[in-house]
Structure formats: C-alpha cells, structure tokens
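> Okay, here's the prediction I keep looking at, along with the sequence it came from:
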Amino acid sequence: MKISPLQLFIAFSQMALSGFGGVLPFAYRALVERRRWLSAEEFPKLLALSQVMPGPTICNLSVMFGYRGMIALPIAIVLVLGIGYQQFGDLPPVRRALAGMSAAVAGLIVATAVKMARAMPRRIAPICLLALAFAGVGVMRFPLLPVMAFVAPAGILLAWRERW
Amino acid sequence: MVNSPSADAPVWSIVGPLSAHFAMLSLMAIGGGVVMVAPEMQRYVVDAHHWISAEQFSAAYAIAQAAPGPNLLFVTLVGWQVAGWAGAAVATLAILLPPAALTIAMMRLSTNRAPGRFGRAVGKGLAPISVGLVFATGWILLRGGSGDWSAVAVALLAAFMVLRTTINPVWMIAAGAAAGVMGLI
C-alpha cells in the first residue's frame, strides 16, 4: 500500500493532538485499527525496536512511520502556552494553578513508574538497581552520567548472568 | 513577566553547551523516553547553570503534559525559557535528531533481526534503572513545586486515580490547576 506524505502528516497530527498525557494508545488505534497501515503483529515489533533504541519511544515509532505530523502542530501549541506563561506566569492565580498542575503531573509520573515497576520481576537485583537509580539521581541529585556509569554495567552484568 | 536569570548572557554561550548536553541525554533515554532524563536536565539547567528556576522547570513540564502531543515537548519549552527561540529550536533538535539518526541507521542495517543474548541483557538490565529514573522525575517535579504536604496529597491522589480508575489523566491535571487556584496548594 502506498501512503502519501500528506496522509501521513494528517494521521500523525490527529494522533498527536488527541494524545493528552501520552500518544501511544492513540497510535495503536489509528495505525492498526482504523487505518490498517500496520498489522497487529507488526505494531509491537516496531514498538519493541523503538523502545530498545534511545530517545522518546513514540518518536522513534514515528521515525519509522512519518515524523513531522507528530511534532509540528503540538510544538506550535506548546510554544503558545509557553509564551503565555512568560507573560502571565508571575500573576498569583497563574502561579498557584501551575503549582497544582505540577503536583498532579508529578503524581501521573509516579503512577507511570508504578505501572512499569509492576511489570518487573520481584527479585532483589532489579529492586536494588531501581532504588540506586532513584536515590542517586532523584534524592542525592548526582549527575546522571556517573550514576549510569555505575548502575548500567552492574545491571547488564547481572542480567547477563541471569540473576533475575 | 517571568524573569530569566540567563537574560544577560550571549545566546551562543548557552545554546552550545545546552545542545551538546541534551544530545548526549537523548542517547541515554533507553526504555523510559525523555521522562527518565528529566532529573538530569533539571540539575543541568537549574542547579548547575542557574539558567532557569526549579519552579520554571516544573511549570514547563506541567504545561507540556497538559497540552496535547508527545510530552517530550517540555524540552522545547525548557530550551525556550533558557535561550528564547534559538534555545527552543536547538533543544528540540538535540533531543530528537541523535536517536532518530540512530533508529534510521538501525533500520537500514538490520531488518527484523532478533536481538542476541547481549542485546537482551542490555534491555533487561537497563529496565529497572529506567523505572528508578522515572520515579526520580516524579520526585524532583514535586520538590520543584511548593513541595509542602498539600502538593504531596494532590500528587498521591492523582497517582491513585490513574492507577485505580480509567479517567483520562488530563482531568487530574485540570483538577490540580483548580486546587491550586483555590489556594489549596
């Protein structure tokens, strides 16, 4: 099937704009169920590849499938909001609203982390790696690079030796 | 106007190091997306260089999350706060291009080849680290806001609602904004 660049742009723009707080579920519905550009077997394969690759998962998936629509309109929206923040961010009600939004967003991120953690095996090695990464980067505020230089090889070695 | 502490420095002296650092981070975001490198971005632009405040960083994240589209766009906003339009463009490209180039190269090299034993060990070994870093992002965003008990209560409530119900998460953000305006935080 031949898909025109315009069709790609429209499809990815629709996906991106409906994806409040994460685009992935919308990507599946649009690409597999509605437009049938990917089969149910192809989608997880591409997704798995885009998850192993560094970078934003959904954008890696988009690279394989048409990039610009995922980014162009959302970037315009976010910049308009950013300009609004710079103009009015010091007004007390705006400031308080953003403090409330930040707290809620922090909660959403913790929920995402909990979901990811639930999928992990309950073994001592992965739990220690998780705790070390959190404590080093989050609580102690060490730079990411030295923390990763320590925990990443440890994690890969432990996984290689099949310690969990 | 929200003051940018970096307003006096020449733009190139900021966008150079900013793009190099973000490009490096983009390649480290394996398994959790940009969410997992957000603590390091915050440390870099807030603690190490004092280009923006912790409150501005948290606001950028909250705005990008509340807007439709991939939430990596908070990087665009951070770049914009730090160094204007040049900062926005450079930060966005720095986070997108290196992984995109790598992904395209990988697709050219190997079509549908299953990862070997080492590849599987990398994926498996890094997974718990990504989860720890996503927790760290939640932690630093909470600390970057007011950080008092009412903010923690809102965060816990939002997390609980998302885990236990199927309500669209964007309503949690709206409720957080409402709680803030009413002076609860």
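Sure thing, it's come through.
> For the closest residue to A:Gly155 other than its chain neighbours, give me the backbone phi and psi.
Distances taken as CB to CB, 6 or more residues apart in numbering or on different chains place B:Gly125 nearest to A:Gly155, at 3.4 Å, with adjacent residues excluded. Every C-beta, even on glycine, is put in place using the N, C-alpha and C of the backbone. Backbone geometry at B:Gly125, expressed as degrees, to the nearest 10, gives phi -70, psi -30.
> all helices for the chain, in order.
The chain I'm using is chain A. With DSSP state H, the ranges of helices along chain A come out as A:5-18, A:24-28, A:42-52, A:57-63, A:68-88, A:92-118, A:124-133, A:144-160.
> I was after chain B.
Going by DSSP H, chain B shows helices at B:11-28, B:38-42, B:54-66, B:74-109, B:117-144, B:149-164, B:169-181.
> Count the neighbours of A:Arg118 for me.
Neighbourhood size, A:Arg118 [other CB atoms under 10 Å in any protein chain shown]: 10.
> Look up how far chain B lies from it.
In this structure, A:Arg118 and chain B are 9 Å apart, going by CB to the nearest CB, to the nearest Å.
> Local confidence estimate at that residue?
With respect to pLDDT, A:Arg118 scores 86.
> what about the residue lying closest to A:Trp37 once chain neighbours are set aside, distance to A:Thr112?
Nearest residue to A:Trp37 in three dimensions, chain neighbours excluded: A:Leu31, at 5.3 Å (CB to CB, 6+ apart). Remark: distance between A:Leu31 and A:Thr112 (CB to CB, to the nearest Å) = 22 Å.
> got it, and B:Gly176?
With CB to CB as the criterion, B:Gly176 and A:Thr112 are 16 Å apart.
> Then B:Ala151?
Using CB to CB, B:Ala151 is found at 18 Å from A:Thr112.
> Same question for B:Gly119.
25 Å.
> neighbour count winner among the two?
A count of neighbours by other CB under 10 Å puts A:Thr112 above the other of B:Gly119 and A:Thr112, at 24 against 12.
> The residue nearest the centre of chain B - nearest residue in space that isn't next to it in sequence?
Nearest residue to the geometric centre of chain B (CA atoms, centre = their mean): B:Ala38, 3.9 Å. The shortest distance from B:Ala38 to any non-neighbouring residue, by CB to CB, 6+ apart, is to B:Thr137 (4.4 Å).
> Brilliant, that's me finished.
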